[in-house]
Each structure stands twice: as C-alpha cells, then as structure tokens.
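In: Here you go, sequence then predicted model.
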Amino acid sequence: MLLSSARPDRLRDWYLSAFELELGRTPGEGPGYDLLDFGGTFICLDSREDVGEKNTEPGRLILNIDVDGRWLAPLEDREGSLFATAIDPDGNYVQIIQLSEEHRAKM
C-alpha cells in the first residue's frame, strides 16, 4: 500500500511509535521512500507535493490492521473482538482490530 503525504517523515515517526515497528527500506530506493512492515503487509510512505497537509475526507480510506498486542487506549468490545480508531498526523483514520477466535473462524 502506498500512502502519500506532504510530510512523510511525520507519518513515519507516528507509525513507528504507535505500532512499535522497525523501519525498512525498499532495495534500490533512496532516502524518503520509507517502508513499514506490518507482519508481511507493507505501507510505503512517499512524499508528494500535490497533496495537502491534512486529509479533508478521512473516511474515504480506512486502513484496517489486525494485530495482537498491548493496547494503549480504551477499546470498544464488539462481541469479543476489539476495535479502536486512531488518527494519524495527516488526518487519516487508522482502525486497529483484534478479532476474537470466533470471528476468525467465521472468516
């Protein structure tokens, strides 16, 4: 997934901190092309001059990430699965999901 930003360094730092990730780079790419590894799902952060500082329609794309881990904020329990939504520095919605074994079995 490619996530473009007027300030990709700000997004990079937020995602690295919020999800305790390691920073990776795509082979052959120079600085500024940051690759975040969410356990085999990758987000590439790219710099663009034709996008604004803030997303004015944050509901247009919601990034869902299924994670196991320590929660830093209160979550909503939906029949055994946990859901939370964060807002990254560009104003994008980031939905964090921890599915119950029952919900996983239904998928």
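Out: Cool, got the structure. Since the structure is predicted, the reported quantities are computational estimates derived from the model, not experimental observations. Numbering: from 1, shown residues only.
In: For the rest of this, base every contact and every neighbour count on C-alpha atoms.
Out: Noted.
In: Now do whichever helix in the chain runs longest: everything it contacts.
Out: Identified as the longest helix of the chain according to DSSP state H is helix 8-19. The contact list for helix 8-19 (CA atoms under 8 Å, 6 or more residues apart in numbering) reads 5, 21-23, 32, 34, 36, 45-47, 88-90.
In: So what sits opposite the residue nearest the centre of the chain in the bridge?
Out: Among the residues of the chain, the one closest to the centroid is Val94, at 5.4 Å (CA atoms, centre = their mean). When assigned by DSSP bridges, Val94 has beta-bridge partners Leu63, Ala86.
In: For it, which residues are in contact?
Out: Counting by CA under 8 Å, 6+ apart, Val94 touches Ile62, Leu63, Asn64, Ile65, Thr85, Ala86, Ile87, Asp88.
In: Give the buried residues for the longest helix of the chain.
Out: For helix 8-19, the neighbour count (16 or more other CA atoms under 10 Å) marks Pro8, Asp9, Leu11, Arg12, Tyr15 as buried.
In: pLDDT and distance to Gly52 added to those residues, as CSV?
Out: As requested, the buried residues of helix 8-19 are exported to CSV (pLDDT from 0 to 100; distance: CA to CA, whole Å):
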residue, pLDDT, distance to Gly52
Pro8, 87, 12
Asp9, 87, 15
Leu11, 89, 14
Arg12, 88, 17
Tyr15, 89, 19
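In: Using a markdown table, lay out those residues together with distance to Gln98.
Out: Output for the buried residues of helix 8-19, formatted as a markdown table (distance: CA to CA, whole Å):
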| residue | distance to Gln98 |
| --- | --- |
| Pro8 | 27 |
| Asp9 | 27 |
| Leu11 | 23 |
| Arg12 | 23 |
| Tyr15 | 18 |
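In: Relative to the whole chain's centre, how far out is the longest helix of the chain?
Out: From the chain centre to the centre of helix 8-19 is a distance of 9 Å (CA atoms, centre = their mean, to the nearest Å).
In: By pLDDT, give me the weakest of the contacts of Val94.
Out: Scanning these for pLDDT, the low point is Ile65. It has 73.
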